[in-house]
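Asks: Need coordinates for the below:
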Amino acid sequence: MILFMANITDLRDFEAFKACRAFVREIGLLIRSVPLRRNRGLVDKMERASISVLSNFAEGFERDGNAEFMQFLTICKGSVGELRAQLIYCLDIELIEQERYEALDVTAETAARLLGGLARYLKASNKAGRKYARRSRPVPKRRRRNSASY
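Replies: Numbering: from 1, shown residues only. Prediction:
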């Protein structure tokens with residue numbers, strides 16, 4: 001599944017990102033539906049959590065370090081969990097139907113599982129990340145300035 005991660009240069013190539021993106025898209029469509037639009041506070045919270053999912057994945061990836069990526073993946077996964085709780089609330093107050101809730105929850109569960117798997121992979125990896133690979137080249141030494149040469 002993630003065996004070729006070292007070759008991934010675009011965050012959109014991760015299966016976890018694809019799953020998150022599909023889930024966030026469905027949430028975006030849901031919060032624009034008539035029953036939910038009436039509850040502006042809930043819609044705002046759901047939209048912010050949705051944006052957090054994709055933003056944290058992207059930010060963690062772009063930092064080029066596995067430890068930082070893992071940290072942001074856990075935040076991303078937490079936002080997926082937050083959205084799952086908000087979907088339960090929507091179901092309980094009859095803003096969405098059972099079938100729609102179940103479909104969204106399956107999508108969320110898939111995204112969360114893939115995020116967790118990616119984080120576990122990074123933790124087990126013996127590589128620190130792309131930014132550290134670049135540093136493995138020798139850094140030229142700075143020349144010391146002679147104070148008398150000013």
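
Asks: So which elements touch the helix or strand containing G116?
Replies: Secondary structure from DSSP states H and E places G116 in helix 98-124. Packing partners of helix 98-124 (3 or more C-beta pairs under 8 Å, 6 or more residues apart in numbering; DSSP states H and E): helix 15-31, helix 66-92. From N, CA and C alone the C-beta is placed, and that goes for glycine too.

Asks: Include distance to R113, mean pLDDT and mean neighbour count when you put the ones you listed into JSON lines, please.
Replies: Output for the helices and strands packed on helix 98-124, formatted as JSON lines (distance: least, C-beta to C-beta, whole Å; pLDDT from 0 to 100; neighbours: other C-beta atoms under 10 Å):
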{"stretch": "helix 15-31", "distance to R113": "8", "mean pLDDT": "97", "mean neighbour count": "19"}
{"stretch": "helix 66-92", "distance to R113": "9", "mean pLDDT": "96", "mean neighbour count": "19"}
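
Asks: Any chance of CSV for the ones you listed, columns distance to G60?
Replies: Below are the helices and strands packed on helix 98-124 laid out as CSV (distance: least, C-beta to C-beta, whole Å):
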stretch, distance to G60
helix 15-31, 11
helix 66-92, 3
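
Asks: if we can go back for a sec, tell me which residues in the helix holding G116 are buried?
Replies: Going by neighbour count (16 or more other C-beta atoms under 10 Å), the buried part of helix 98-124 is 100-101, 104-105, 107-108, 110-112, 114-115, 118-119, 121-122.

Asks: Taking the residues you listed, tell me the two that lie furthest apart.
Replies: The largest separation in those, counting by C-beta to C-beta, is between R100 and L122 at 33.2 Å.

Asks: how about low-confidence regions in the protein?
Replies: Applying pLDDT under 70 to the chain picks out residues 1-6, 127-150.

Asks: How about the spatially most central residue of it, nearest residue that isn't a chain neighbour?
Replies: The residue lying closest to the centre of the chain (C-alpha atoms, centre = their mean) is F57, at 2.8 Å. Using C-beta to C-beta, 6 or more residues apart in numbering and skipping residues adjacent in sequence, the residue nearest F57 is C76, 4.9 Å away.

Asks: Alright, I will stop here.
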